[in-house]
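> Generate a structure from the sequence data that follows.
(2 chains)
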Amino acid sequence: MSIKVKALSKTYGTQKAVDQITFEASPGRILGFLGPNGAGKSTTMKMLTCYLPQTAGEATVCGFNIASQSLEVRKRIGYLPESNPLYQEMYVKEFLYFVAHIYHISNIKERVNEVILATGLVKEQHKKIGELSKGYKQRVGLAQAIIHNPEVLILDEPTSGLDPNQLIEIRKLIKELGKTKTVILSTHIMQEVEAICDDVIIINKGKIVANDSLENLLVKHNEKSLEPIFVKLTKELKVESEM
Amino acid sequence: MLTIYKKELYSYLSSLVAYITIGIFLIVLGLFLWVFPDTSILEYGYAGLDSLFNTVPYLFMFLIPAITMRSLSEEKKEGTFELLATRPLTDWQIIGGKYLACLTLVLFALIPTLIYYISVYQLGAVIGNIDTGAVIGSYIGLFLLGAAFVAIGIFASSLTKNQIIAFAIAVFLSFFAFSGFDSASQILSLQRFDNILINIGINEHYQSISRGVLDSRDLIYFLSFITVFLLITKTILGGRKW
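Residues are numbered from 1 along each chain as shown, chains lettered A, B, ... in the order given. Predicted coordinates:
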């Protein structure tokens, strides 16, 4: 198990963004993190990447505690934040070299070229990041996340804003990466989960409402696709809370 | 830290920010020293650089905040700080890299003014009739003053996402730290503490170094001043974790 999360909670003021979630993720499997907007997906990811500290509970990444061994955790994680923040005024290659230097990668030149090739940025590598279209920026975001060959990849909505062709390519890339690494990705697109994820966690209002492998989930709810399950699980709770 | 330092320095040097601010600094300084009669070295009549060392602190008050204002507030605004904070870097490495990059730019702004020293050296009625020791001391003083202002600027930049606000806060704090305490010590009811107040201000220590005597007390003052501001900056950056 490369990610173990135990009763992790995050409270902003009085609002519980993440409420005692527990799950595990293992290498070689892609975990889809689903939930309506504001369910706590991004907050969970921010806690796992050591950007925000948890209010309660604990989690380990590759055996390192996210609170006490944060530096070790950060070395082993590749993270693509939701808004995909990048230095607009830097050149693609310059940026990737910068990131590679931070991780003290040996043979940087080779690695940067490898990543550029893998993310399909060959034509764009000499452009400024600010000049790229959204889809290509997303690729740069993915490139910076995988450059140090991390054991764990945390991708917050990695395919938002991509055109259908780019979608297919990026999904293929993530699937390829997922063969050896632990991948957690969040998304709103159910077809995407069906296409690339092995395991599914559905989170609603900070609580986990489903945590199973994709096949099991479909069998259990006797459905052919994920969408009705998602609607059922996240809507049910809404009605309950209103009562 | 070196990686952050290099990246920051490159990004300053590849954008116009550095050239324009340093350029304007040098133009204004040149006007003050050689053209405007009130402060002109030529009108002064003595082979000294006093007006340089009296003018530069006030120019630094604007130049340095203009350089430092973007360093952390832009990262916060663009969201790139999240990317930086989730890398295997400590907050000190991030702050230190940015601090040193800004300090390097201040040094770049100071170096060209050495031409003025050479000019005055040559212009003296007897060539070389200038107190070189005092000039060296003053330059060290200026550098330390710049280093203190950069620390203030980085701190101001960590407070807000808005660069203009960061600039305004840094200008105010720099001004107050430099001469505010001196002026405050003249308030009647505060005169009992005037010695303490004057010693908190930068000006007293700057003047003392400018005399050409490098007193360890002044050096310690500047180092602790810088440390305090960078420490507060680190606390603020860690503030997301409260």
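
> All the helices of the chain, residue numbers only.
Since you didn't name a chain, this refers to chain A. Assigned by DSSP state H, chain A shows helices spanning A:41-48, A:70-76, A:92-102, A:108-118, A:134-146, A:164-178, A:190-196, A:214-221, A:226-242.

> Wait, chain B was what I had in mind.
Going by DSSP H, chain B shows helices at B:2-14, B:16-30, B:41-44, B:50-78, B:80-85, B:91-110, B:114-123, B:132-159, B:163-175, B:181-184, B:194-200, B:202-210, B:216-237.

> Poorly predicted segments of chain A, please.
A:236-243 (pLDDT under 70).

> what about the residue positioned nearest the centre of it, distance to A:Cys50?
Most central in chain A under C-alpha atoms, centre = their mean is A:Leu155, positioned 2.1 Å from the mean C-alpha point. From A:Leu155 over to A:Cys50 the distance is 16 Å, taken as C-beta to C-beta, to the nearest Å. In short, each C-beta sits where N, CA and C put it, glycine included.

> try B:Ser183
For B:Ser183 relative to A:Cys50 (C-beta to C-beta), the value is 45 Å.

> for A:Pro36, same thing?
From A:Pro36 to A:Cys50 the distance is 26 Å (C-beta to C-beta).

> What is the neighbour count of the residue in chain B positioned nearest to chain A?
Closest contact between chain B and chain A, by C-beta to the nearest C-beta, is at B:Gly79 (3.3 Å). Neighbourhood size, B:Gly79 [other C-beta atoms under 10 Å in any protein chain shown]: 15.

> tell me, how many neighbours does the residue nearest to B:Met1 when sequence neighbours are not counted end up with?
By the measure of C-beta to C-beta, 6 or more residues apart in numbering or on different chains, the closest residue to B:Met1 outside its immediate chain neighbours is B:Gln93, 4.4 Å from it. Close neighbours of B:Gln93, defined as other C-beta under 10 Å, add up to 18.

> Residues of chain B that sit close to chain A?
B:3-4, B:6-7, B:10-11, B:14-15, B:78-83, B:85-90, B:240-241 (C-beta under 8 Å from any C-beta of the partner chain).

> Drop anything exposed from the residues you listed.
Buried subset of those (neighbour count, 16 or more other C-beta atoms under 10 Å in any protein chain shown): B:3-4, B:7, B:11, B:78, B:80-83, B:85-89.

> For the residue sitting nearest the centre point of chain B, give me its contacts.
Among the residues of chain B, the one closest to the centroid is B:Gly146, at 2.2 Å (C-alpha atoms, centre = their mean). Counting by C-beta atoms under 8 Å, 6 or more residues apart in numbering or on different chains, B:Gly146 makes contact with B:Phe60, B:Ile64, B:Leu103, B:Val106, B:Leu107, B:Leu110.

> could you redo the last one with a cut-off of 6 Å?
For B:Gly146, the contacting residues are B:Phe60, B:Val106, by C-beta atoms under 6 Å, 6 or more residues apart in numbering or on different chains.

> do B:Ile196 as well
B:Ile196 touches nothing, counting by C-beta under 6 Å, 6+ apart.

> Tell me the spacing between it and B:Asp218.
In terms of C-beta to C-beta, B:Ile196 sits 16 Å off from B:Asp218.

> buried residues in the helix or strand bottoming out on mean pLDDT in chain B?
The helix or strand of chain B with the lowest confidence, counting by mean pLDDT, DSSP states H and E, is helix B:41-44 at a mean of 80. Buried residues in helix B:41-44, counting neighbours by 16+ other C-beta under 10 Å, are found at B:Ile41, B:Tyr44.

> for stretch A:129-136, same thing?
Buried residues in stretch A:129-136 (16+ other C-beta under 10 Å): A:Ile129, A:Leu132, A:Gly135, A:Tyr136.

> for stretch A:79-95, same thing?
Neighbour-count burial for stretch A:79-95 flags A:79-82, A:84-87, A:90-95 (criterion: 16+ other C-beta under 10 Å).

> For it, which outside residues touch it?
A:42, A:49, A:124-125, A:128-130, A:138, A:140-142, A:145, A:154-158, B:78-80, B:82-83, B:86.

> Could you tell me the per-residue confidence at the residue of chain B closest to chain A?
For B:Gly79, the pLDDT comes out at 89.

> so what's it closest to, chain neighbours aside?
Per C-beta to C-beta, 6+ apart, closest to B:Gly79 is A:Pro85, 3.3 Å.

> ok, that neighbour to A:Thr159 distance?
In terms of C-beta to C-beta, A:Pro85 sits 17 Å off from A:Thr159.

> burial measure for A:Met1, as a count.
11.

> Let me know whether it touches A:Glu24 as I believe.
Yes. Assessed by C-beta atoms under 6 Å, A:Met1 is found in contact with A:Glu24 at 4.9 Å.

> Next to chain B, which bits of chain A? Give me the list.
On the criterion C-beta under 6 Å from any C-beta of the partner chain, chain B has as its neighbours in chain A the residues A:49, A:51, A:53, A:71, A:74-75, A:79, A:81, A:83, A:85, A:87, A:98, A:101-102.

> what about 8 Å?
Residues of chain A lying close to chain B by C-beta under 8 Å from any C-beta are A:46, A:49-53, A:71-72, A:74-75, A:77, A:79, A:81, A:83, A:85-90, A:94, A:98-99, A:101-103, A:144.

> Output the below-cut-off pLDDT ranges for chain B.
B:241-242.

> how about 80 then?
Residue ranges of chain B with pLDDT under 80: B:44-48, B:124-125, B:128, B:188-193, B:212-213, B:239-242.

> residues in contact with B:Leu110?
Contacts of B:Leu110 (C-beta under 8 Å, 6+ apart): B:Tyr139, B:Leu142, B:Phe143, B:Gly146.

> Recalculate using a threshold of 7 Å.
B:Leu142, B:Phe143 (C-beta atoms under 7 Å, 6 or more residues apart in numbering or on different chains).

> I'd like the distance between it and B:Ile118.
For B:Leu110, the distance to B:Ile118 - C-beta to C-beta - is 14 Å.

> Where does chain A get nearest to chain B, residue-wise?
Counting by C-beta to the nearest C-beta, chain A gets nearest chain B through A:Pro85, at 3.3 Å.

> Go ahead and confirm B:Glu8 touches B:Leu100.
No. Using C-beta atoms under 7 Å as the test, B:Glu8 is too far from B:Leu100 to be in contact (8.2 Å).
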